[in-house]
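> Got a predicted model here, sequence first, then my questions.
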There are 2 protein chains.
Amino acid sequence: MNLKTPVAPDNPNQAETRRQLLEAAGEVFAETGFRDATVREICRRANANIAAVNYHFGDKEALYKEVLRYSQQKALQKYPPLLGVAADAPPEKKLRAFVHSLLLRIFDKGPTSWHGKLMSREMIDPTAAMDSVIEERIRPMSEQLWKIVGEILDCPVNDERVRLCSFSVVSQCVFYFHCRVIVSRLFPAQEMDAAYVEKLADHITRFSLAAMKHLPEAKAAKSQSNTTRN
Amino acid sequence: MNLKTPVAPDNPNQAETRRQLLEAAGEVFAETGFRDATVREICRRANANIAAVNYHFGDKEALYKEVLRYSQQKALQKYPPLLGVAADAPPEKKLRAFVHSLLLRIFDKGPTSWHGKLMSREMIDPTAAMDSVIEERIRPMSEQLWKIVGEILDCPVNDERVRLCSFSVVSQCVFYFHCRVIVSRLFPAQEMDAAYVEKLADHITRFSLAAMKHLPEAKAAKSQSNTTRN
DNA sequence: TGACATGTCAAACAAATGTTTGAATTATTT
DNA sequence: AAATAATTCAAACATTTGTTTGACATGTCA
């Protein structure tokens, strides 16, 4: 029911209202989450009538799906995963670019800044829209990273150490948007500007490279893993 | 039906209903978040009347604050930050214990399992209740970690490298509850059992120790250009 | 026992909010 | 220009939900 097929895109008014609704919805969804976001607030910011969401998107949830897709596409277009580093560059350089682009997407202050928050929310309460995001965006990016880490560790990409180390790299990046609240309360004076993002990218890359190049079992490939803990 | 067996002589009914409300609320808040959680559902699971929340806690938000405090206290009591490692143990050993206890709190399957999800939600939408949690629980734990990392790096605890490396350690742990959705979709076959938690703790500790002991600037103690804040 | 405090209950209230409706307005086509 | 389609608008609708209310039940203590 309520299947509103998107009509002719050559209509300036419709296209404009749709776009403004998407932008406003991105802001509001990011600020308050899906449930707390009200279509009244979205329409108010978009200078649109209360009924506009239902007219243009069907219902609130369909609007949300569009927003999620829109923000992902925009963020990846602005900061591609390897930032233009050549495919045959040394893996250390590619790792640095991967880390930096991920941080840039997270800390972006511009009109795509809600991308990070939207993704955070999806992590906790994945909606149906998350499925396609994972398969179309996240899995390809993961595989890209596995290749890089595999080169550095000198392992096949399906080795368990590649997976663990890749997680270690990514986790240090995403930490700063999942835990931004805590970071900024523990260090209220710390500004999150472009210079700081550079510094973070440097640290994460150096930290991870040092770890991977000196991991006790990294090169030795001794896979008995008897965890003599404690 | 539902015969109330006589319990403690002091204030049996009130204490019992309160406790059941707390447990049920913890479940529901963790599953659906503060806003989506309904008082009706909480009371239904607690076998309590719809008015019980307001009678015992005042309103829904006060109940939430109690739940947050309750879950924090329970989780930290079950898995203390250093798991009983002696205060004069070598820092490597303390780091391992810190990482392991953090992972245990995150992966706990028992009745305190909602602790992780509640904290995740607070990260994105911090409520007023988060203030006290940060000051009373998180800051002390952070300072504990800074000391350990400072020992390993051989730096003063307020050095910027201590902060960055501590974040690198913590981030690898909390990654697994913020991004559990993605991890389990990328690797659906991977079980998150106790053995896996051990393996993770090993990896994170080894990875971080290798990094910190081989960081290009770790031992160099080049003491210029450091933010001299607090 | 009888009075009083405490806790529980079903019902109702009040506010918020997603959605629908039908008229009014604007754009496009004939 | 007239007719038709598309879009906007204010108002109303229907549902959900946190909270309140006043009656009823239960336990305590003089």
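Yep, that arrived.
> The lengthiest helix in chain A: which residues count as buried?
In chain A, with assignment by DSSP state H, the single longest helix is helix A:12-36. By neighbour count with 16 or more other C-beta atoms under 10 Å in any protein chain shown, helix A:12-36 contains the buried residues A:17-18, A:20-30, A:32-34. From N, CA and C alone the C-beta is placed, and that goes for glycine too.
> Looking at the residues you listed, which two lie furthest apart in space?
Across the buried residues of helix A:12-36, no pair lies farther apart than A:17 and A:33, at 23.9 Å, counting by C-beta to C-beta.
> Which one of the buried residues of helix A:12-36 is nearest to residue A:209?
Set against residue A:209, the nearest of the buried residues of helix A:12-36 by C-beta to C-beta is residue A:30 (33.2 Å).
> so the closest one makes contact with residue A:119?
No. Assessed by C-beta atoms under 8 Å, residue A:30 is found out of contact with residue A:119, at 9.7 Å.
> what's the overlap in contacts for the two?
Residues touching both residue A:30 and residue A:119 (C-beta atoms under 8 Å, 6 or more residues apart in numbering or on different chains): none.
> got any ranges where chain A has weak pLDDT?
For chain A, the stretches with pLDDT under 70 are A:1-14, A:110-112, A:217-230.
> again, 80 this time
Scanning chain A with the threshold set as pLDDT under 80 gives A:1-15, A:109-113, A:116-117, A:121, A:124-129, A:177, A:217-230.
> For residue A:124, which non-adjacent residue is spatially closest?
residue B:120 (5.2 Å; C-beta to C-beta, 6 or more residues apart in numbering or on different chains).
> Now do the host helix or strand of that neighbour: which elements does it pack against?
If you go by DSSP states H and E, residue B:120 is part of helix B:114-124. When contacts are defined as 3 or more C-beta pairs under 8 Å, 6 or more residues apart in numbering or on different chains; DSSP states H and E, helix B:114-124 sits against helix A:114-124, helix A:160-178, helix A:180-186, helix B:12-36, helix B:60-78, helix B:91-107, helix B:129-133, helix B:160-178.
> Looking at these, which is nearest to residue A:204?
Of all those, it is helix A:160-178 that lies closest to residue A:204, at 4.6 Å by C-beta to C-beta.
> Show the subsequent helix or strand relative to the longest helix of chain A.
Downstream of helix A:12-36, the first helix or strand assigned by DSSP H and E is helix A:39-45.
> Please save the CA atoms from the helix or strand that that following helix is followed by in PDB.
Where DSSP H and E defines the elements, the next helix or strand beyond helix A:39-45 is helix A:52-57. Provided in PDB are the C-alpha atoms of helix A:52-57 (Å, rounded to 0.1, in the frame of the first residue of the first chain):
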ATOM      1  CA  ALA A  52       5.100  16.500   2.900                       C
ATOM      2  CA  VAL A  53       7.000  13.400   4.300                       C
ATOM      3  CA  ASN A  54       4.100  11.100   3.600                       C
ATOM      4  CA  TYR A  55       3.400  12.600   0.200                       C
ATOM      5  CA  HIS A  56       7.000  12.400  -1.000                       C
ATOM      6  CA  PHE A  57       8.300   9.300   0.700                       C
END
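> Helix A:52-57 - contacts with which helices or strands?
Taking 3+ C-beta pairs under 8 Å, 6+ apart as the contact cut, helix A:52-57 packs with helix A:12-36, helix A:39-45, helix A:60-78.
> Between helix A:60-78 and the longest one, find me the angle.
Read that as helix A:12-36. 100 degrees (axes from the mean of the first three to the mean of the last three C-alpha atoms, to 10 degrees).
> what's next to helix A:12-36, contact-wise?
Outside helix A:12-36, the residues within contact range by C-beta under 8 Å, 6+ apart are A:7-9, A:37-38, A:41-43, A:45-48, A:52-53, A:56-57, A:60-61, A:63-64, A:66-67, A:70-71, A:111, A:113-114, A:116-118, A:121, A:125, A:127, B:33, B:35-36, B:124-125.
> So among the residues you listed, which ones count as buried?
A:37, A:41-43, A:46, A:48, A:52-53, A:56-57, A:60, A:63-64, A:66-67, A:70-71, A:113-114, A:116-118, A:121, A:125, B:33, B:124-125.
> For residue A:183, find the nearest of the helices and strands packed on helix A:52-57.
Nearest to residue A:183 among the helices and strands packed on helix A:52-57 is helix A:12-36 (18.3 Å), distances taken as C-beta to C-beta.
> tell me the angle that closest one makes with helix B:114-124.
Using the same axes, to 10 degrees: helix A:12-36 against helix B:114-124 is 140 degrees.
> Closest residue of chain A to DNA strand C?
residue A:59 (3.0 Å; C-beta to the nearest atom of the strand).
> and that residue, what are its phi and psi?
phi -150, psi 180 (degrees, to the nearest 10).
> Settle this for me: it is touching residue A:53, isn't it.
Yes. If you go by C-beta under 8 Å, residue A:59 and residue A:53 touch, sitting 7.5 Å apart.
> Any residue of stretch A:158-177 touching chain B?
Yes. Remark: stretch A:158-177 sits within contact range of chain B at A:163, A:164, A:165, A:167, A:168, A:170, A:171, A:172, A:174, A:175, by C-beta under 8 Å from any C-beta of the partner chain.
> Flag every buried residue along that stretch.
Applying 16+ other C-beta under 10 Å to stretch A:158-177 flags A:159, A:161-177 as buried.
> just stretch A:81-98 next, same as before
A:81, A:82, A:85, A:91, A:92, A:94, A:95, A:96, A:97, A:98.
> Most widely separated two among the residues you listed?
Once C-beta to C-beta is applied, these give A:81 and A:92 as the farthest pair, at 16.0 Å.
> any idea how far the residue nearest to residue A:205 when sequence neighbours are not counted lies from residue A:209?
Using C-beta to C-beta, 6+ apart and skipping residues adjacent in sequence, the residue nearest residue A:205 is residue A:96, 4.6 Å away. Residue A:96 sits 9 Å away from residue A:209, taking C-beta to C-beta, to the nearest Å as the criterion.
> Check residue A:135 too.
For residue A:135 relative to residue A:209 (C-beta to C-beta), the value is 30 Å.
> These two: which is more packed in?
Between residue A:135 and residue A:209, counted using other C-beta atoms under 10 Å in any protein chain shown, the more crowded position is residue A:209 (20 against 12).
> and the helix or strand where that one lies with helix B:194-214, angle?
Assigned by DSSP H and E, residue A:209 belongs to helix A:194-214. With the same axes, to 10 degrees applied, the angle from helix A:194-214 to helix B:194-214 works out at 110 degrees.
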